[in-house]
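> show me how the following folds:
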Amino acid sequence: PMLRLLRAYRVGWQETISGYCNTRVVQTLFNVGFFDELQEKGAVRPETFAEEHDLDPAILQGLCDSLYAQRLLDRNGAGFTLNPKGRLLAETARGWFDLVYGYEPMYHSLDGLLRKEINYGRGKDLYRHADYVAKGSGEIEQLIYFPMAADILSKSGCRKVLDMGCGDGTFLRHKADVQGFGIDLEPDAIEDGKKLVEAAGMADRIKLFVLDVNQVDQVPEELRHIDGATIFFVLHEILTSGEDAVIRFLQSFRRLFPGVPLVVFEVHRATPEEMRKRPGMAVHYTLWHDLSKQTLVSRERWHEIFRKAGVASVEEEYLEFAKTCIFTLR
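Below is the predicted model:
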C-alpha cells in the first residue's frame, strides 16, 4: 500500500495537481504585475508591493513563499528575486500563461459545460478572455512564427502588408521594415494597439482598423494597394461557421487583392494517437478549441478547402514539433 501511495503521489501531485496549482499562482502574479516588477527592480518585498497596489499582503506573501519553496523564486533578505527558472517564465514562457488564462473560464466551468447547463458563446453564459488570448498568442507567435512570416514576405519583396486578425498589431510592430495595416474585430485590441504603435514611434507606418476579417471586401481604400498579407490562426475561427465561410473569405480576398500572396498559419489537428506519441501543447490547444466550439482540422483538410476555393498555388511548410502549418497562397 505504501508503494502504491508513492506512485499515486508522483502521478497525482507531482505530474498533475502541482502543475495546476503553480499555473494559477504564476498567472495571478503576472496579472497583478509582480513579475514585471521583479524584472524591473531585481528584488521586491511582497509587503511593499501589496501596499503600493492595494493587495492583500498575507496572500501575496503566501504566493511568493509557495514559488520559493518550489525553486521558482529566490530570496534576497525580505524580498524575492527571479532565479534562472523564474526568469525563463517571465521572459520566454509568459505568452503560454496568458493564453491559458484566456481559456481559464472553460476549465472553471467544465462541469456545467459537460452537463449542458452552460453553453459557450451563448448569451451571458460563458466566453473566453479574448484580450488574454490575443495577448498570449502575440507573445508566443513573435518567438518563432513572426520571424518565419517576415522571412516569407521579405523573400516575396512585400513592402505593404495587411495582417488580418491583427490583435494589438504585434506582428506589424515586429515587421519594422514595411508599411503595415491591420484589421481586427475586437475594438479594445485595436485601441491598445494604437497606443502601442504611438509609444513605439511607428504611427507614420502602421494603421489599425476595427473590421471583421469576414468583411475583408469592406477594407478602406488605402488598404487596397497592399502587396502581401498574413493571417495567424484565424481561418479555423472562420471555419467554425462552416467550410463555405472560409471559401467565401478566400475568394473575396483574391478578388480584392489579385496576385497578392497570403501567408496563413494554422494548427494541424493531429489524431489522439499522434499526440499520444509525443504529448505537448497540441493536446491542450485542441481541447481548448473543442470546449469553445472552434473547428480545428488536419493539414490535408486545409489543402482540400484551398482547392475548393480555387487557390491556384499552395506552398506549405510544416513544423512537426508545433503541429503548425504555414501556407503561402498565391
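> which positions in the one helix or strand Tyr9 maps to come out as buried?
Assigned by DSSP states H and E, Tyr9 belongs to helix 2-9. Under the neighbour-count criterion of 16 or more other CB atoms under 10 Å, helix 2-9 has nothing buried. (C-beta placed from N, C-alpha, C; glycine too.)
> report all helices and strands that it contacts.
The helices and strands touching helix 2-9, judged by 3 or more CB pairs under 8 Å, 6 or more residues apart in numbering; DSSP states H and E, number zero.
> please tell me how far it is from the chain's geometric centre.
37 Å (CA atoms, centre = their mean, to the nearest Å).
> same check, this time on stretch 55-64
29 Å.
> just the C-alphas of that stretch, formatted as PDB.
C-alpha atoms of stretch 55-64 as PDB (Å, rounded to 0.1, in the frame of the first residue of the first chain):
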ATOM      1  CA  LEU A  55      -3.300  43.900  -2.500                       C
ATOM      2  CA  ASP A  56      -3.700  41.600   0.500                       C
ATOM      3  CA  PRO A  57      -0.100  41.300   1.800                       C
ATOM      4  CA  ALA A  58      -0.600  38.000   3.600                       C
ATOM      5  CA  ILE A  59      -1.900  36.300   0.400                       C
ATOM      6  CA  LEU A  60       0.800  37.800  -1.700                       C
ATOM      7  CA  GLN A  61       3.400  36.600   0.800                       C
ATOM      8  CA  GLY A  62       1.900  33.100   0.700                       C
ATOM      9  CA  LEU A  63       2.000  33.000  -3.100                       C
ATOM     10  CA  CYS A  64       5.700  34.100  -3.100                       C
END
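> can you give me the buried ones in that stretch?
For stretch 55-64, using 16+ other CB under 10 Å, the buried residues are Leu55, Leu60, Gln61, Leu63, Cys64.
> quick one: pLDDT of the last one?
In other words, Cys64. The per-residue pLDDT reported for Cys64 equals 97.
> show me what secondary structure element comes after the helix holding Tyr9.
helix 18-31.
> report the two of the buried residues of stretch 55-64 separated the most.
Leu55 and Cys64 (11.6 Å; CB to CB).
> state the mean pLDDT of stretch 22-41.
Per-residue scores along stretch 22-41 average to 96.
> only C-alpha atoms, please: export that stretch in CSV.
As requested, C-alpha coordinates have been extracted for stretch 22-41 and formatted as CSV (Å, rounded to 0.1, in the frame of the first residue of the first chain):
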residue,chain,number,x,y,z
ASN,A,22,1.5,26.5,-9.8
THR,A,23,-0.1,27.7,-13.0
ARG,A,24,-2.8,29.7,-11.2
VAL,A,25,-0.2,31.2,-8.8
VAL,A,26,2.1,32.3,-11.6
GLN,A,27,-0.8,33.6,-13.7
THR,A,28,-2.0,35.7,-10.8
LEU,A,29,1.4,37.2,-10.1
PHE,A,30,1.7,38.0,-13.8
ASN,A,31,-1.7,39.6,-13.9
VAL,A,32,-1.0,41.9,-10.9
GLY,A,33,2.4,43.0,-12.3
PHE,A,34,4.6,41.3,-9.7
PHE,A,35,6.8,39.5,-12.2
ASP,A,36,7.1,42.8,-14.2
GLU,A,37,8.4,44.5,-11.0
LEU,A,38,10.8,41.6,-10.3
GLN,A,39,12.3,42.1,-13.8
GLU,A,40,12.5,45.8,-13.4
LYS,A,41,13.9,46.1,-9.9
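> need the contact partners of it.
For stretch 22-41, contacts defined as CB atoms under 8 Å, 6 or more residues apart in numbering pick out 44, 49, 53, 55, 60, 63-64, 66-67, 70, 72-73, 80-82, 86, 89-91, 94, 97-98, 100-101, 104.
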